[in-house]
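[1] Build me a model:
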Amino acid sequence: MNRLWSTFSALTSIDSVSFEEREFCDELKRRLHDLGVETYEDEAGIKIGGNCGNLFGYLPGKLSKPPLLLSAHMDTVEPGRGKQPTLLDEGRIVSAVDTVLGADDVAGIAIILEALTRLKESNTIFRPVELMFPVAEERYCLGSAQGEMSRITAKEGYILDLAGNIGEAANAAPTLISFTITVQGKAAHAGFAPKDGIHAIQAAAVAIAKTPLGEPIPGVTVNIGVIEGGQATNIVPEICRVVGEIRSLSHEKVMNQWQTIQETFTTEVEAIGAAVSFQENIEMTAFETPLDAPVVTRFQKACEELDIPVNIKPTLGASDQNNFALHGIQGFVIACSMHEVHSTREFTRLSEMEQCVELLMKLLTED
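    Numbers count the residues shown, from 1 in each chain. As a prediction, this is how the structure comes out:
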């Protein structure tokens, strides 16, 4: 366990917030080269405005099986600068300062490195391994969306990027669209001639009031998170901008809900005399890996042999697997000991990471 802790501590101590993964990537390259892994960095960073691309790797195996893809992302959320990983007496790891720990997703990367190291040290026969460590996963998986996916030949993969206990896994994740609705009114003096204006904020507010938020239908969530408009208290606001998201495990349900929202806004806004325009972006596309797929049953078998309880369920959080699925990769997102992620309370447990190392070694050596 000492090496696993050393690797995790060293890597989480490197600042690696989204779009600024350069130093982390260089250190990861060095460690992979020491393992004999052939690496390649693509140009995704240039495309998304970052300082680093996605890192690919390949390690040949002697087991006569198709390669498996292993993936964990390099970036962290804010506050992620100056992290100080601290190992407590009970094996719990936290940040000693007011930052995230970075177990999301350095725990996954440290586990992959340790599993490959042990397999090589023990001269264990394992199947070929393809690696991808994406950038900017925390920004709607921008790195893998712009990645050179043609470099991946594996048709199955394990993505180490799920919060929870070892043995938990996600076989499905949602479509997520973000949207911006712009309401165009008419400016006028709010004191002298309010009737000459068309109040864009009021028009937007009426439409929002008619738009069910939360979970308007089972399995679909809708949220409006930003409303902005107006220039001054003595001006009838001309513009109001409404920003939100919709997500569901059903791509069709998301698109249908978006259509309903557009119809509601058009009806309510035009009734007041304002105009409305819409812009949407499909940030992630839903995927579902069947429960009888080999990538799933192999995981279940390995957990059973290690006496690890299995808990497979869909998640409403996206991961790079959403993008892998678009390229024909049947993936499975597995927990790798990260808890209370995206908060300064984030923590991991050394014993759980050790458990996941053993699990990964099983997955790579199963006939």
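[2] Let me know the average pLDDT across stretch 218-227.
    Mean pLDDT, stretch 218-227: 96.
[3] was I right about His73 contacting Val106?
    No - with contact defined as CB atoms under 8 Å, His73 does not count as touching Val106 (9.4 Å). Placement of C-beta: from N, CA and C, glycine included.
[4] secondary structure class for the residue lying closest to Val135 once chain neighbours are set aside?
    Nearest residue to Val135, sequence neighbours excluded (CB to CB, 6 or more residues apart in numbering): Gly143, at 3.7 Å. For Gly143, the assignment made with DSSP: H, G, I helix; E, B strand; the rest coil gives helix.
[5] Could you check the pLDDT of Gly143?
    Gly143 is assigned a pLDDT of 97 by the prediction.
[6] Could you do Pro194 as well?
    pLDDT recorded at Pro194 is 94.
[7] Would you mind giving both backbone torsions of the nearest residue to Pro60 once chain neighbours are set aside?
    Nearest residue to Pro60, sequence neighbours excluded (CB to CB, 6+ apart): Pro128, at 5.5 Å. Main-chain dihedrals, Pro128, degrees, to the nearest 10: phi -60, psi 150.
[8] Quick one: end-to-end length of stretch 151-165, please.
    The first and final residues of stretch 151-165 sit 32 Å from each other (CA to CA, to the nearest Å).
[9] nope, stretch 186-195 is what I was after
    End to end - CA to CA - stretch 186-195 spans 10 Å.
[10] which outside residues touch it?
    196-198, 231, 233-238, 273-274 (CB atoms under 8 Å, 6 or more residues apart in numbering).
[11] List buried residues within those.
    197-198, 236-238, 274 (16 or more other CB atoms under 10 Å).
[12] can I get the residues you listed in a markdown table with pLDDT, distance to His251 and secondary structure?
    As requested, the buried ones among the contacts of stretch 186-195 are exported to a markdown table (pLDDT from 0 to 100; distance: CB to CB, whole Å; DSSP: H, G, I helix; E, B strand; the rest coil):
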| residue | pLDDT | distance to His251 | secondary structure |
| --- | --- | --- | --- |
| Gly197 | 97 | 40 | coil |
| Ile198 | 97 | 36 | strand |
| Val236 | 97 | 40 | coil |
| Pro237 | 97 | 35 | coil |
| Glu238 | 97 | 36 | coil |
| Ala274 | 97 | 31 | coil |
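[13] in the chain, what spans have low per-residue confidence?
    Across the chain, the ranges flagged by pLDDT under 70 are 1, 367.
[14] Give me the residue at the spatial middle of it.
    With distances taken as CA atoms, centre = their mean, Ser319 lies nearest the centre of the chain, 3.6 Å away.
[15] can you pull the contacts of it?
    137, 141, 159, 161-162, 170, 173, 333.
[16] Report the separation between it and Thr285.
    12 Å (CB to CB, to the nearest Å).
[17] for Glu215, same thing?
    21 Å.
[18] Same drill for these two, tell me which one is more crowded.
    Shown here are Glu215 and Thr285; by other CB atoms under 10 Å, Thr285 has more neighbours (17 against 11).
[19] Just give me the neighbour total for the closest residue to the more buried one other than its chain neighbours.
    Nearest residue to Thr285, sequence neighbours excluded (CB to CB, 6+ apart): Thr175, at 5.4 Å. As a burial measure, Thr175 scores 23 neighbours (other CB under 10 Å).
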